[in-house]
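A.B. asks: Sequence and predicted structure below; questions after.
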Amino acid sequence: MMKYLKDFNTINEGRKTFQDTPNELAYIDFKKWAYKNRKLIKGKLADALGSRKEDGTGMFIELARVWRFEWAEKFAKEWSYLHSTGLAQSQFGRALAVMLKHDDLIIQKSGNKLLDLK
């Protein structure tokens, strides 16, 4: 009986699904990690934003990369499967920026812009 239970634990049910928006439960863990590493994240976002403050596409793509490569690949591989196109990454990053703004973590909550870093 134990042999069958041991084999049951190693079953792989297939490929993970793509994430269009950040999972709310995974976001809780990401938020804890992001609070500890907010200086690193702000630096990457500021570099991606550069002098072009009117278009936040680069910042949103960089935020999706931070989610995937800095956090998910190291700490939560099950949430690292994102679309690879620029448009999909930008939409994912924008949804993540809205969540971060709501929690007043890296993006300023006051005002109506998603491009204002704290």
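C.D. replies: Everything's here; your move. Here the structure is a predicted model, which means the values were calculated and not measured.

A.B. asks: Every contact and neighbour count from this point should use C-alpha atoms.
C.D. replies: Noted.

A.B. asks: what is the mean pLDDT for the host helix or strand of Lys31?
C.D. replies: Lys31 is part of helix 24-36, with elements assigned from DSSP states H and E. On average, the pLDDT along helix 24-36 is 93.

A.B. asks: Got the phi and psi for the residue most central in space within the chain?
C.D. replies: Residue closest to the mean C-alpha point of the chain, counted by Cα atoms, centre = their mean, is Trp67 at 2.9 Å. When read as degrees, to the nearest 10, the backbone of Trp67 gives phi -60, psi -50.

A.B. asks: List the buried residues for the helix holding Lys31?
C.D. replies: Tyr27, Phe30, Lys31, Ala34 (16 or more other Cα atoms under 10 Å).

A.B. asks: Using TSV, lay out those residues together with distance to Asn112.
C.D. replies: As requested, these are exported to TSV (distance: Cα to Cα, whole Å):
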residue	distance to Asn112
Tyr27	22
Phe30	23
Lys31	21
Ala34	22
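
A.B. asks: and of the residues you listed, the nearest to Lys77?
C.D. replies: Set against Lys77, the nearest of those by Cα to Cα is Phe30 (12.2 Å).

A.B. asks: Can you give me every residue that contacts that closest one?
C.D. replies: Listed by Cα atoms under 8 Å, 6 or more residues apart in numbering, the contact set of Phe30 reads Trp67, Trp71.

A.B. asks: Surely Thr21 and Ala95 touch.
C.D. replies: Yes - under the criterion of Cα atoms under 8 Å, Thr21 makes contact with Ala95 at 6.1 Å.

A.B. asks: ok, the residue nearest to the centre of the chain to Ile107 distance?
C.D. replies: Separation of Trp67 from Ile107 (Cα to Cα, to the nearest Å) stands at 15 Å.

A.B. asks: Just give me how far stretch 90-100 sits from the chain centre.
C.D. replies: 8 Å (Cα atoms, centre = their mean, to the nearest Å).

A.B. asks: who touches that stretch?
C.D. replies: 19-22, 31, 57-64, 106-107, 114.

A.B. asks: Show me which of those residues are buried.
C.D. replies: 21-22, 31, 57-64, 106-107, 114.
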